[in-house]
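Participant: for reference, the sequence and a predicted model appear below.
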Amino acid sequence: MFKIVKREEMAQGTVIMNEIEAPRIAAKARPGQFVIIKANETGERIPLTISDIDVGNGTITIIYMVVGKSTALFKTLPVGDAFQDVIGPLGKPTHIEKLGNVVCVGGGTGVAVLFPITRGFKNAGNKVISIIGARNKDLLILEDKMKSASTEFHVCTDDGSYGNKGFVTEVLKDVLDNNKIDLVVAIGPVPMMKFVSKITKTYNVKTLVSLNPIMIDGTGMCGGCRVIVEGKTQFACVDGPEFDGHQVDFDGLMKRLRAYEEDEKMAYEEHCKVFGDK
Amino acid sequence: MAEKSAKKEKIARQPMPEQAADVRRRNFEEVPTGYSEETAVLEAQRCLQCKKPACVAGCPVEVDIPGFIKHIAEKDFKGAIQKIWKKNSLPAVCGRVCPQEIQCEGLCIVGKKGEPVAIGNLERFVADMARNSGEGELPAKAAPTGKKVAVVGSGPAGLTVAGDLLLKGHDVTMFEAFHKTGGVLVYGIPEFRLPKDIVASEVETLEKIGLNIECNMVVGSIVSIEELFEEGYDAVFIGVGAGLPRFLNVPGEDLIGIYSANEYLTRANLMKGYLFPEYDTPIIRGKNVVVFGAGNVTMDSARTAMRLGADRVRVVYRRSREEMPARAAEIHHAEEEGIEFHLLTAPVRFVGDENGRLLQMEGLKMELGEPDDSGRRRPVPIEGSEFMLDCDLAVVAIGANANPLLTQSDQEITLNKWGYIEADPQTGKTTKKGVWAGGDIVTGSATVILAMGAGRIAADSIHEYLTWGW
């Protein structure tokens, strides 16, 4: 069992932070890697990228948006309760090195995944320009943490309720126009990563994206997480989760993410009937 | 004497009672229902008690087959299970999934003139009886040696190594990457062929003898082999299985509705997708299903699809019936359940709708040409024989390759050109001191009992090493 030692609700309760006791994982995990979490005996295996690691306390932090039955179930667990299974660290860590100027673009809960990577690049001596976005001010997460991990920091909201009005891509264009950028890291909803990659391609700037397809084992055994990269089949769990954004078939990924849409909807509705809405 | 054996031959091989095909094709209950006591005793009486039993020579773990059968004939079922346990720690599993027809039963003398003694059915009977009566006394254990062994992977090879070394007094810890132990016995082989309670019970027995189990441990990622030694382990056995699915590499293979057999069976078995939404993991329930391949895993996938409500399930295989690697019994069971076989047929591409969901496959008819490297006649496409087939679920069950996750994490373990671990067939020793390997990660996809045989060999060698040195 993996005990929850800290829990926070963010973005008006739509996003949850759990700090979980997992000393072996904490000792090994590096930015960019993920864990697979299963709440209980009948639960599903859900991949979640690690948002923070505390080696001293032997804990890892995960941040997830409540989107279906499994995450709704996670949300019901209070501090002191535990996840039955946490498996990791899985996937390849982000290759962090001193490159010069790095732009970190995050959207929605992708910001949670982006945070340790941003901090890593800054600690490696890069100038880090971060751009994070959300639909509105209330849905923005980890603003302070991201700010502290960045050299230069921008916030966008779709409705203009905070920071720049509009999408992260607009600020990104500005940044690309005015700086010589060596690497862009973009993590967020698939459409965001797709459009960021489209823009950076025109500037010919290398772009890393972190993919989160449906997975089962996370060890390369089932192939459920396959994505097409550079025309070739890759397994996000072991070949990724990070890939060259200019080579990823995002449309294919978006389709595959909807494979169980109807089942998921039905399971979530059943869950809500039992636990009440939210 | 002559009179006695003549009498024995008169008893016909006792058939295994089974659920009727039209019933079982829609449920996940076990297909064979097991011998009764009377049937088992009758079947046991067919054994000639050969002085030099050929059957034992055909068993990779050398179970004293005439020995345990004699106890059954005498209705001493406790004695029978003790005999088996001396050589085989997973009899309830082996009685169900071993290919007896090419091993023990294939060499049975009674089988020369008629049907061989039903050794597998008898083994299963004894194991089930011991489990159900709860009086399976635990085998005797040697005094503690103070030596620690890490077993990586909890499938048939690992369970055998663990069982053997525990009895020899070693302190054994088993590491499993999944959240549940059993490896392929749990994620791969379906409930209707091997009930999961049985696997759990076999593992429990090992725990009672003293096995430590650590699940959720992806060795190679959370801990390296080298670190296991640093943590105080004196020897390591690697039995992680093959674990990398092969795909067809034809266009459209990433459409929704196309699974590797590993994914399909893991969703169904380990995650209990067939019980969705009681269990949270969904699984696509196809109406028109195609399954590629012709091995036991192909049959397991096809029969699972039928049980999940398919109207038609077609097995598509590019060679002919003769080359099908599945056990005859599995093919027979599948046919009885209404699975269709489209032999000498190969997939060319898949076609989907605008949402990326599978709609059709394009196939091509083949004919057999000259023998290829494997000695089998090579399937050659027949020009202009393309055809379209409607399907909403496809399962690719054409075998597995070596998963590099663990093996690439240690440079001292030498691999062959396909990525499998080089291990001495006589001992299971790898090129790294203190590390053994066995099962599919050495041989490529094979059977449960061959993995157990490899586990046995490695366990003997590990014991020798812990006693005398490398």
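Facilitator: Now that the structure is in, tell me what you want to look at.
Participant: mind checking how far the residue in the stretch 151-278 of chain A that chain B sits nearest to is from B:A423?
Facilitator: Residue nearest to chain B within the stretch 151-278 of chain A: A:K255 (3.3 Å; C-beta to the nearest C-beta). Bear in mind the C-beta positions are built from the backbone N, C-alpha and C, glycine included. As judged by C-beta to C-beta, to the nearest Å, A:K255 and B:A423 stand 42 Å apart.
Participant: OK, contacts around B:G309?
Facilitator: B:26, B:285, B:287 (C-beta atoms under 8 Å, 6 or more residues apart in numbering or on different chains).
Participant: what about the residue nearest to the second one when sequence neighbours are not counted, how many residues close to it?
Facilitator: The shortest distance from B:R285 to any non-neighbouring residue, by C-beta to C-beta, 6 or more residues apart in numbering or on different chains, is to B:L308 (4.7 Å). Burial of B:L308, expressed as a neighbour count using other C-beta atoms under 10 Å in any protein chain shown, amounts to 21.
Participant: quick check: B:L308 touching B:I283?
Facilitator: Yes. Counting by C-beta atoms under 8 Å, B:L308 touches B:I283, with 6.9 Å between them.
Participant: mind listing the shared neighbours of these two?
Facilitator: In terms of C-beta under 8 Å, 6+ apart, B:L308 and B:I283 are both contacted by the residues B:268, B:274.
Participant: what lies in contact with stretch B:213-229?
Facilitator: So stretch B:213-229 is in contact with A:24-25, A:28, A:85-90, A:218-219, B:150, B:152, B:154, B:173-181, B:203, B:207, B:231, B:236, B:238, B:240, B:405-410, B:413, B:432, B:434-435, going by C-beta under 8 Å, 6+ apart.
Participant: give me the buried subset of those residues.
Facilitator: A:24-25, A:28, A:85-90, A:218-219, B:150, B:152, B:154, B:173-181, B:203, B:236, B:238, B:240, B:405-407, B:409-410, B:413, B:432, B:434-435 (16 or more other C-beta atoms under 10 Å in any protein chain shown).
Participant: just the residues you listed: which are in helices?
Facilitator: A:24-25, A:28, B:203, B:405-407 (DSSP state H).
Participant: so what's the residue of chain B found nearest chain A up against?
Facilitator: Distances between chain B and chain A by C-beta to the nearest C-beta are smallest at B:G356, namely 3.3 Å. Residues counted as contacts of B:G356 (C-beta under 8 Å, 6+ apart) are A:252, A:255-256, B:254-256.
Participant: for those, which one is nearest B:P347?
Facilitator: Distances from B:P347 to those, taken as C-beta to C-beta, are shortest for B:L255 (12.3 Å).
Participant: okay, now the nearest residue to the closest one once chain neighbours are set aside: neighbour count?
Facilitator: In this structure, B:L255 finds its nearest non-sequential neighbour in B:G352, 4.1 Å apart by C-beta to C-beta, 6+ apart. B:G352 has 17 neighbouring residues, counting by other C-beta under 10 Å.
Participant: distance of the nearest residue to B:T266 once chain neighbours are set aside relative to B:T160?
Facilitator: Once flanking residues are discounted, B:T266 sits nearest to B:Y187: 4.6 Å by C-beta to C-beta, 6+ apart. Using C-beta to C-beta, we find B:Y187 at a distance of 18 Å from B:T160.
Participant: so for those two, which sits in the more crowded spot?
Facilitator: Legend: neighbour count by other C-beta under 10 Å for B:Y187 and B:T160, higher for B:T160 (32 against 25).
Participant: check which helix or strand the more buried one maps to.
Facilitator: Element membership of B:T160, judged by DSSP states H and E, is helix B:156-167.
Participant: buried sites along stretch B:147-157?
Facilitator: For stretch B:147-157, by 16+ other C-beta under 10 Å, it's B:147-157.
Participant: alpha carbons of it, as PDB, please.
Facilitator: Taking C-alpha atoms only, stretch B:147-157 is exported to PDB below (Å, rounded to 0.1, in the frame of the first residue of the first chain):
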ATOM      1  CA  LYS B 147      21.600 -17.300   1.800                       C
ATOM      2  CA  LYS B 148      19.400 -14.800   0.000                       C
ATOM      3  CA  VAL B 149      18.100 -15.300  -3.500                       C
ATOM      4  CA  ALA B 150      16.200 -12.800  -5.700                       C
ATOM      5  CA  VAL B 151      13.800 -14.200  -8.200                       C
ATOM      6  CA  VAL B 152      12.800 -11.700 -10.900                       C
ATOM      7  CA  GLY B 153       9.500 -12.600 -12.400                       C
ATOM      8  CA  SER B 154       6.700 -14.600 -10.900                       C
ATOM      9  CA  GLY B 155       5.700 -16.800 -13.800                       C
ATOM     10  CA  PRO B 156       6.200 -20.600 -14.100                       C
ATOM     11  CA  ALA B 157      10.000 -20.400 -14.200                       C
END
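Participant: what's the first helix or strand after the helix or strand hosting the residue of the stretch 151-278 of chain A closest to chain B?
Facilitator: For A:K255, the host element (DSSP H and E) is helix A:250-257. Going down the chain from helix A:250-257, the next helix or strand is helix A:261-275, by DSSP H and E.
Participant: all helices for the stretch 1-150 of chain A, in order.
Facilitator: Using DSSP state H, counting those that start in this stretch, the helices of the stretch 1-150 of chain A run over A:23-28, A:69-75, A:110-123, A:143-148.
Participant: neighbours around A:L99, how many?
Facilitator: Neighbour count for A:L99, taken as other C-beta under 10 Å: 15.
Participant: okay but it is in contact with A:V128, surely?
Facilitator: No. Using C-beta under 8 Å, A:L99 makes no contact with A:V128, being 10.3 Å away.
Participant: pLDDT below threshold where in the stretch 301-450 of chain B?
Facilitator: Under the criterion pLDDT under 70, no range of the stretch 301-450 of chain B is flagged.
Participant: okay, strands next: where are they in it?
Facilitator: B:312-316, B:340-342, B:345-352, B:358-371, B:377-381, B:387-390, B:393-396, B:400-402, B:435-437 (DSSP state E, counting those that start in this stretch).
Participant: how about the stretch 51-200 of chain B?
Facilitator: B:148-152, B:171-175.
Participant: again, but for the stretch 51-200 of chain A
Facilitator: Here the stretch 51-200 of chain A has its strands, by DSSP E, counting those that start in this stretch, at A:52-54, A:59-65, A:82-83, A:85-90, A:101-107, A:127-134, A:152-157, A:164-165, A:183-187.
Participant: hang on, the earlier thing: could you dump the contacts of B:G356 into JSON lines and include distance to B:S221, pLDDT and neighbour count?
Facilitator: JSON lines is the format used below for the contacts of B:G356 (distance: C-beta to C-beta, whole Å; pLDDT from 0 to 100; neighbours: other C-beta atoms under 10 Å in any protein chain shown):
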{"residue": "A:G252", "distance to B:S221": "27", "pLDDT": "94", "neighbour count": "18"}
{"residue": "A:K255", "distance to B:S221": "29", "pLDDT": "94", "neighbour count": "18"}
{"residue": "A:R256", "distance to B:S221": "24", "pLDDT": "94", "neighbour count": "20"}
{"residue": "B:D254", "distance to B:S221": "25", "pLDDT": "93", "neighbour count": "20"}
{"residue": "B:L255", "distance to B:S221": "30", "pLDDT": "96", "neighbour count": "22"}
{"residue": "B:I256", "distance to B:S221": "28", "pLDDT": "96", "neighbour count": "23"}
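Participant: out of the helices of the stretch 1-150 of chain A, deepest packed?
Facilitator: Greatest average neighbour count among the helices of the stretch 1-150 of chain A goes to helix A:110-123 (a mean of 25), per mean count of other C-beta atoms under 10 Å in any protein chain shown.
Participant: give the other helices and strands that it contacts.
Facilitator: Counting contacts by 3 or more C-beta pairs under 8 Å, 6 or more residues apart in numbering or on different chains; DSSP states H and E, helix A:110-123 packs against strand A:52-54, strand A:59-65, strand A:101-107, strand A:127-134, helix A:143-148, strand A:183-187.
Participant: which one of the ones you listed lies closest to chain B?
Facilitator: Nearest of the helices and strands packed on helix A:110-123 (C-beta to the nearest C-beta): strand A:59-65, 11.9 Å.
Participant: tell me the mean pLDDT for the closest one?
Facilitator: What strand A:59-65 shows for mean pLDDT is 96.
Participant: with that, I have no additional questions.
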